[in-house]
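Enquirer: okay, here's the prediction I keep looking at, along with the sequence it came from:
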Amino acid sequence: MPTLLLILTLLLSGSIQAEPVTPPLSDEQRQIVALTNKVLGAQRIAYSHLSSLQAINDLFALYTDDYVYQHEGYGGIYSREHLYNNSVAFFKQGRYRDDAPDSYKLVSIIPGKQAAAVQRAYQGKNGVELRLTLLEFTGDKVSRIVEYW
C-alpha cells in the first residue's frame, strides 16, 4: 500500500505545474507599460540603421534632465549629456548603419511603481541572449536605466 501511494503521489505531482498568474494591471501599471513601450520603440529607431539626429533627439526627449544610464559591463554610470554626445558621435561615424531595429525581441515587461523590468532576447553572433533592463520613471520620463547583462 505505501508503494502505491508513493507512485500515485509521484504521478500526480508530475502533472501539476505552477501556472503563472497574470492579474489585471492597475491604471498606473498600464501607464508604465505604455511609457516603456514608447522608450523601447524610440531606442529601436535611434540605435539602428533607421537612426537620424532627429531620432536621437526624440529618444532623449523621453529622458529627464538628470537621467543616468548604468551598465557595469560597459564601465559604470553615464550621464544624460555623456550618453547623448556618444549617441550623436556614433551616428555621425555610421556606427548604427548595420544594426537592425529588430535585433531585440521583447520577451516581457513587468511594471512596478514608477519602474519596469524589461526582458529582451537579443540575436547576437553567438545565438540568442536574454537581457534584463530596469527602467525607472519620474513622471512620464525615464530617470534611470540599469542594465543587468
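Expert: On my side now, so go ahead. Numbering: from 1, shown residues only.

Enquirer: report pLDDT for the most centrally placed residue in the chain.
Expert: Per CA atoms, centre = their mean, the C-alpha nearest to the average position across the chain is that of residue 118, at 3.5 Å. Note for residue 118: predicted pLDDT of 98.

Enquirer: do the same with the one 5 residues further on
Expert: Per-residue confidence for residue 123 comes out at a pLDDT of 82.

Enquirer: the helix ranked longest in the chain: what's the following helix or strand?
Expert: Taking DSSP state H as the criterion, the chain has its longest helix at helix 27-46. Downstream of helix 27-46, the first helix or strand assigned by DSSP states H and E is helix 53-60.

Enquirer: can you list the residues that contact that next one?
Expert: 39, 42, 43, 45, 46, 80, 84, 87, 88, 91 (CB atoms under 8 Å, 6 or more residues apart in numbering). In short, each C-beta sits where N, CA and C put it, glycine included.

Enquirer: need the contact list for the fifth one.
Expert: Just to be clear, that refers to residue 46. 55, 56, 58, 59, 87, 96.

Enquirer: the same query, at a cut-off of 6 Å, please.
Expert: Residue 46 sits next to 55, 56, 59 when contact means CB atoms under 6 Å, 6 or more residues apart in numbering.

Enquirer: and of these, the nearest to residue 135?
Expert: residue 59 (12.7 Å; CB to CB).

Enquirer: looking at that closest one now. What's its pLDDT?
Expert: 98.

Enquirer: remind me, longest strand of the chain?
Expert: In the chain, with assignment by DSSP state E, the single longest strand is strand 127-138.
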